[in-house]
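Chemist: Please work out how this folds:
(2 chains)
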Amino acid sequence: MRLTLRQRQVLWAYAFLSVALVFFVIIRWYPALLSFNIAMRDWNTFKGSGPWVGLENYAAIWDDMWKPRSDVRAAFTNTLGYVLYGVPAQMVLALAVALLLDRIRVLSTLFRVAYFAPYVTSAVAVAFVWNWLYLPQTGLLAQVFDILRIPEQPFTKSPDQALASIAAVAVWQTLGYSVIIYLAGIKQIPATYYEAARIDGAAGVRLFRHITLPLLNPVIVYLTVLSTISFLRLFALVQNMSPQGTGGPLKSTTTVVLEVYRKGFSSYDMGYAAALTVVLFFVILLITVIQLRFLTRRFEY
Amino acid sequence: MKTPRLMWILGCLTVALLGLVACVAPGMPDAAEPMADAEPEMVEIEYWQYNFEARVLAMDRLIEMFEAENPNIKVVHNSDVPYAEYRDKIAASVPAGVGPDVATLFYGWQTVWLDADYLVPLPEDAFPTAMIDDEFSPLVQASFVDGTLYTIPTAVRALAMFYNKDLMADAGLDPESPPTTLDELASQAAACTVRADNGDYEVQGFVVDLAAQDHHWFREVLVRQFGGEPFSADGQSVIWNSEAGQQAWDYLLKFKTELETGDRDLFDGSTQAFLAGRACFHIVGSFRLGTIANNAPDLNFGVVELPSHNGVQSTFGSYWTHGLTQKGASDPARMEAAVKFLQFITSDEAGSIWVDMVGELPARLNAGSDPELLADPKLGAFAAGLAYAQATFFVNEPDQRQALVDAYDMVVLGGEDPNAALDIAAETVQDILDAHYSQ
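Modeler: Numbering: from 1, shown residues only, chains lettered A, B, ... in the order given. Sure thing, here's the model as predicted:
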């Protein structure tokens, strides 16, 4: 069979693309599918195997949800808490920063780098730096509060403030990414719309409400979905900012993914851990579908 | 266009092939695969311990000596994993088919590791029971399960009290008479505490930190000193929430809630505070001598036995112990090398090097009863403590500790009634014990 030049080009394209596909299949899809299987087994992490138990692990999760001082219930409610604190804060702050960055010309690259840098920094390093900033008495924040005569706050050391303190760091860390995406969206809006509106006498807030915001809708949907998923999967910051990585104090900061890790690698119950990941998978799927359904709007001009 | 059909077929074929690859890809790699076929004489074994500077340096030295004596054995020393992740990494290594042949573990983890069939019994001919009974510290009996020995330590340790002489002198206390009773500890800790006008601690008298050693101090020392026992005689029931336990608990909480002699969240924890010269008294094991020698060599400190109460003297004895893993036992040549290595690192000679470099006392009574050691002003307190040390039989050490940490937090952070919090912790631990003994 003789191939045309075009056919040969396409064939080569597939050859190169398949390398990445191999990676995804072996490193991501295969383990992900395997976890559905492990979730149906009484799988000890040490033994690396276990007998089939059907839905027992899911039943155990359900039972644990309703126990007093339940780790799993704390994990789900906290994870929801991170999303409710984190996503709106991130969306609003990132948009504000993006609008400001869009205005400036001098040093604009420097500012963009400054906002983006945390995003490419390892979460572990970020956690350590913030642990020191939050440190009672000797930490930078405590000292600033002292100078301003504001009472020192316990931050991550108190069950009441720990979750919000970690959520704030998560927002700070991922803000840069949202800012960049917003900026790209803002640049796409044709200047002629603003000119036309100005001729009609519109200005300031009205321009933002009736032009910028509606035309950014696809960007907003995209970012909301992505940042919701990232908050639902929060792990490294909590692991490194709670005492002994336990999701404490008193389970106030633990997340679903942290519990997956603790069940799988500290309690050695991989079956239970896998079942928990499957539950989380469906939660993420459900939330994403709902968001896509209700946030996407079409505007005709 | 005609191309799409051909491309579709090719694309589908690629995906199908990849699917096949994925199916035969890593199922359960065979850990038993013998290595180094090309050089049959050289045996390589892998040894793991968690990262603790003094221990790593001491083990490097022992491995060097062992390899010089056994030129056909190479020991790979993995000491990169931090303490907090050590158990997790070991667990993760097993399904991956990698990991240690000889692993160091806290004696309190042995039960969980045995439940998972991770460790194999040590061969009786290399480690005869009679030899362990005669020549090793009685604490090592905790390594036997139904008469079978599973692990063996280089060293054992006890808790004692470290005190900062300079801070005591600054507070007008006599640095040569540190507290000998619990009441003295409370009054001297209060006297030694220095706070700034805004309430900040400049010097902490005594810091209670249950996540460090104080959960042991509570269970095996305070409860006994207030007239109770931590567990029932068969070890299956928690009774450290008895009336004596409640008194011990109140004593422990008092440092934070009444006397305000310190806070575990300051200065990056109680140990760092003591190293930095910000804490007067600190209860910890002899291994801290190695840390201080390496990181705070100028600290002017002394060590005494733990304070007594009601005439009762007690301390918590424990040890890090070495076990042979399934992987190590899976190949005869490697098993032989691993057993030789275990024998070497638990010898008198190894014990003597260990105590010099780490500060933990040799597990072998022979090396441990060296008169020079007993007369040492710092090690002496630990050596004396070993005579009356108590070891807890742990089913799951991290979870049993966490229950007490949570109880402390409930009181200190959540305002819960102390006795109610202690009962909740006891209930949590009882569930852990029940789950184990009902198996």
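
Chemist: Ramachandran coordinates for A:Val106?
Modeler: phi -70, psi 130 (degrees, to the nearest 10).

Chemist: Can you read off the pLDDT for it?
Modeler: What the model reports as pLDDT for A:Val106 is 88.

Chemist: Let me know the secondary structure of A:Tyr119.
Modeler: Under DSSP: H, G, I helix; E, B strand; the rest coil, the three-state class of A:Tyr119 is helix.

Chemist: List the buried residues in stretch B:110-126.
Modeler: Residues of stretch B:110-126 classed as buried: B:Gln110, B:Thr111, B:Val112, B:Trp113, B:Leu114, B:Asp115, B:Ala116, B:Tyr118, B:Leu119, B:Val120, B:Pro121, B:Leu122 (neighbour count, 16 or more other CB atoms under 10 Å in any protein chain shown). Any C-beta I mention is one placed from the backbone N, CA and C, and that applies to glycine too.

Chemist: mind listing which of the residues you listed are in helices?
Modeler: B:Gln110, B:Thr111, B:Val112, B:Trp113, B:Leu114, B:Asp115 (DSSP state H).

Chemist: now chain A, which segments are flagged as low pLDDT?
Modeler: The model of chain A has pLDDT under 70 over residues A:1, A:297-301.

Chemist: give me the number of residues near A:Pro68?
Modeler: A count of neighbours around A:Pro68, defined by other CB atoms under 10 Å in any protein chain shown, yields 7.

Chemist: ugh, wrong one, B:Leu62
Modeler: Neighbourhood size, B:Leu62 [other CB under 10 Å]: 23.

Chemist: got it, and B:Val429?
Modeler: Neighbours around B:Val429, by other CB under 10 Å: 25.

Chemist: ok, now how distant is it from B:Ala435?
Modeler: 11 Å (CB to CB, to the nearest Å).

Chemist: try B:Gln236
Modeler: Distance, B:Gln236 to B:Ala435, by CB to CB: 12 Å.

Chemist: Quickly name whichever of the ones in helices among the buried residues of stretch B:110-126 is closest to B:Ala296.
Modeler: B:Gln110 (32.7 Å; CB to CB).

Chemist: and that closest one, what is it in contact with?
Modeler: Residues in contact with B:Gln110 (CB atoms under 8 Å, 6 or more residues apart in numbering or on different chains) are B:Leu119, B:Ala142, B:Ser143, B:Val145, B:Tyr150, B:Thr151, B:Thr321, B:Gly323.

Chemist: Would you format those residues as a markdown table with secondary structure and pLDDT included?
Modeler: Formatted as a markdown table, the contacts of B:Gln110 follow (DSSP: H, G, I helix; E, B strand; the rest coil; pLDDT from 0 to 100):
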| residue | secondary structure | pLDDT |
| --- | --- | --- |
| B:Leu119 | strand | 93 |
| B:Ala142 | helix | 88 |
| B:Ser143 | helix | 92 |
| B:Val145 | strand | 89 |
| B:Tyr150 | coil | 96 |
| B:Thr151 | strand | 96 |
| B:Thr321 | strand | 95 |
| B:Gly323 | strand | 95 |
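
Chemist: What is the nearest of these to chain A?
Modeler: B:Leu119 (9.9 Å; CB to the nearest CB).

Chemist: Leaving out the residues flanking it, which one is nearest to the closest one?
Modeler: For B:Leu119, ignoring the flanking residues on the chain, the nearest one in space by CB to CB, 6 or more residues apart in numbering or on different chains is B:Gly323 at 4.3 Å.

Chemist: Hmm, the one you found is touching B:Pro153, no?
Modeler: No: taking contacts as CB atoms under 8 Å, B:Gly323 lies outside contact range of B:Pro153: 10.1 Å.

Chemist: any idea how far B:Ser308 is from the residue positioned nearest the centre of chain B?
Modeler: Centroid-nearest residue in chain B: B:Phe106, 4.7 Å away (criterion: CA atoms, centre = their mean). From B:Phe106 across to B:Ser308, the span is 27 Å (CB to CB).

Chemist: Over to B:Glu260?
Modeler: Noted for B:Glu260: a distance of 24 Å to B:Ser308, by CB to CB.

Chemist: repeat for B:Glu243
Modeler: Look at B:Glu243 and B:Ser308: by CB to CB, they are 20 Å apart.

Chemist: neighbour count winner among those two?
Modeler: Using other CB under 10 Å as the criterion, B:Glu243 and B:Ser308 rank with B:Ser308 on top: 16 against 11.

Chemist: who wins for neighbours among the contacts of B:Gln110?
Modeler: When neighbours are counted by other CB under 10 Å, B:Thr151 leads the contacts of B:Gln110 with 29 neighbours.

Chemist: for chain A, what are the nearby residues on the stretch 51-200 of chain B?
Modeler: B:84, B:87-88, B:91-92, B:94-95, B:112-113, B:116-118, B:198, B:200 (CB under 8 Å from any CB of the partner chain).

Chemist: Kindly indicate which of the buried residues of stretch B:110-126 lies nearest chain A.
Modeler: Ranked by distance to chain A (CB to the nearest CB), the buried residues of stretch B:110-126 are led by B:Ala116 at 3.2 Å.

Chemist: got a list of what the closest one touches?
Modeler: The contact partners of B:Ala116, taken as CB under 8 Å, 6+ apart, are A:Asn44, A:Thr45, A:Phe46, A:Lys47, A:Tyr268.

Chemist: can you narrow those to ones near chain B?
Modeler: Restricting the contacts of B:Ala116 to those near chain B - CB under 8 Å from any CB - leaves A:Asn44, A:Thr45, A:Phe46, A:Lys47, A:Tyr268.

Chemist: got the contact list for the first one?
Modeler: By that I understand A:Asn44. Neighbouring residues of A:Asn44 by CB under 8 Å, 6+ apart: A:Gly50, A:Tyr268, A:Asp269, A:Met270, B:Ala116.

Chemist: quick one: which of the contacts of B:Ala116 is most hemmed in?
Modeler: Most neighbours among the contacts of B:Ala116, by other CB under 10 Å: A:Thr45, with 25 neighbours.

Chemist: Phi and psi next, for that one.
Modeler: phi -60, psi -40.

Chemist: Just give me the neighbour total for the residue lying closest to B:His436 once chain neighbours are set aside.
Modeler: Sequence neighbours aside, B:Val395 is the residue nearest to B:His436 in space, at 4.3 Å (criterion: CB to CB, 6+ apart). Each residue near B:Val395 was counted by other CB under 10 Å, and the total is 21.

Chemist: One more: the one 3 residues further on?
Modeler: With neighbours defined by other CB under 10 Å, the count for B:Pro398 comes to 19.

Chemist: What's the per-residue pLDDT of B:Met7 here?
Modeler: So B:Met7 comes in at 56 (pLDDT).

Chemist: what about A:Ile166, helix or strand, and which?
Modeler: Using DSSP states H and E, A:Ile166 sits in helix A:162-188.

Chemist: which helices and strands sit right next to that helix?
Modeler: If you count contacts as 3 or more CB pairs under 8 Å, 6 or more residues apart in numbering or on different chains; DSSP states H and E, helix A:162-188 packs onto helix A:71-103, helix A:108-116, helix A:123-134, helix A:217-232, helix A:236-241.

Chemist: Next SSE downstream of that helix?
Modeler: Helix A:162-188 is succeeded, C-terminally, by helix A:191-199 (DSSP H and E).

Chemist: No further queries at this time; thank you.
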